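Asker: what's the 3D shape of this:
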Amino acid sequence: MNLTNPIFQDAEKAREHLEKTRWPQGPICPHCGVLNEATLVGGKAARAGCYQCNACRGQFSVTVGTVFESSKVPLNKWLLATYLMSASKKGVSAHQLHRTLGVTYKTAWFMAHRIREAMNPTSPGPLGGHGKVVEADETYVGGKEANKHRNKRAAKMDVFGRKEAVLSLVERGGAVRSFHVPNVTAKTLRPIIVKTAHRASHLMTDGAQFYKKTGKEFAWHSSVDHAAGEYVRMGFHHSNTVENYFSILKRGITGTFHHVSEAHLARYLAEFDFRYSHRSGLGVNDGQRAELILQNIEGKRLTYRRSDEAAHA
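Answerer: Residues are numbered from 1 along each chain as shown. Take a look at the predicted model:
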């Protein structure tokens, strides 16, 4: 897939492409769920891509029930934004999308959050399993206080003035899941870890005390003592995989977005998780990654609220 593809230039071509992606076996009515029982609405007042279900008589288009629903932005621009966000390893800022797509900054910002919502897995299974290693670690997102503008430092107590805690679990050779957590304690982290990682997995962590009790709930638990300068033991015991993921996440947030709000951090994490979990090292190219997003747009509609304006990031 490349940027000269007609689906990025022509709204009608984009609609046809989205229909093939969402409905490979024919239109599915979002009102009653009947497959291939719809016909295009004809007549002078007909809208392009508008179907009527012969079973329930409801009308719909390919965007109904998706993150694209009720948007006035042409579908070709939606598809281009989806491709750009799926292909950029460290993300694309809303300002860059606004310049590239020729839409307002506010529109680009909201488009990006809708696409991030589609990147979030609907019902993911647990990471790992028998014979597999899942690494768990925590980090903090946010710049150094000394480098921030005076009115955005922690003393001002605004949402950008403190670091936010993030827990990530990475299956070696597989996917990653990240969570914005209020604090780093056993009480906070344990429920997430046991729900996200399969109990038959080999859990790999650093030497933090709060992992020790949780580790006993897995088939195996190993750790490395970073405080003592130990980072790899016997070539197997390490948390370098999750640390490498953190390096991508932090470079993206620092270099592309500069800061993200606490209210929307979870969606940014979903974006970075998605690209890492469908990386080229696992045989997924940019075009395939974009198609996976389009297949996951259903049932995730977001509506804009005035309160969102205060949380732009």
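
Asker: any idea which helix or strand in this structure has the lowest mean pLDDT?
Answerer: For the chain, scoring each helix and strand by mean pLDDT, DSSP states H and E identifies strand 232-233 as the least confident one, at a mean of 88.

Asker: quick one: distance of that strand to the chain centre.
Answerer: How far strand 232-233 lies from its chain's middle: 31 Å, per C-alpha atoms, centre = their mean, to the nearest Å.

Asker: over to stretch 98-108?
Answerer: Distance of stretch 98-108 from the chain centroid (C-alpha atoms, centre = their mean) equals 20 Å.

Asker: picking that back up, what residues does the least confident helix or strand of the chain touch?
Answerer: Outside of strand 232-233, the residues that reach it under the criterion C-beta atoms under 8 Å, 6 or more residues apart in numbering are 224, 238, 240. C-beta here means a position set from N, CA and C on the backbone, and glycine is covered the same way.

Asker: neighbouring strands for it, and are they parallel or not?
Answerer: When pairing is defined by DSSP bridges, strand 232-233 lines up against strand 237-238 (antiparallel).

Asker: tell me the first helix or strand C-terminal of the partner strand.
Answerer: The element immediately downstream of strand 237-238 (helix or strand, assigned by DSSP states H and E) is helix 240-252.

Asker: now do the helix or strand just after that next one: distance to the chain's middle.
Answerer: Stepping forward along the backbone from helix 240-252, the first helix or strand reached (DSSP H and E) is helix 265-277. With C-alpha atoms, centre = their mean as the basis, helix 265-277 stands 4 Å off its chain's centre.

Asker: returning to that earlier point: out of the contacts of strand 232-233, which comes closest to residue 170?
Answerer: Compare each of the contacts of strand 232-233 with residue 170 using C-beta to C-beta and the shortest gap goes to residue 240, at 10.0 Å.

Asker: that closest one contacts residue 231, correct?
Answerer: Yes. With contacts defined as C-beta atoms under 8 Å, residue 240 counts as touching residue 231 at a distance of 7.2 Å.

Asker: state the pLDDT value of residue 231.
Answerer: Per-residue confidence at residue 231 stands at 87 (pLDDT).

Asker: hmm, it is touching residue 224, no?
Answerer: Yes. Between residue 231 and residue 224 there is a contact at 6.0 Å, judged by C-beta under 8 Å.

Asker: what is the neighbour count of residue 111?
Answerer: Here the number of neighbours of residue 111 (other C-beta atoms under 10 Å) works out to 24.

Asker: with residue 130 instead?
Answerer: Other residues lying near residue 130 total 10 when counted by other C-beta under 10 Å.
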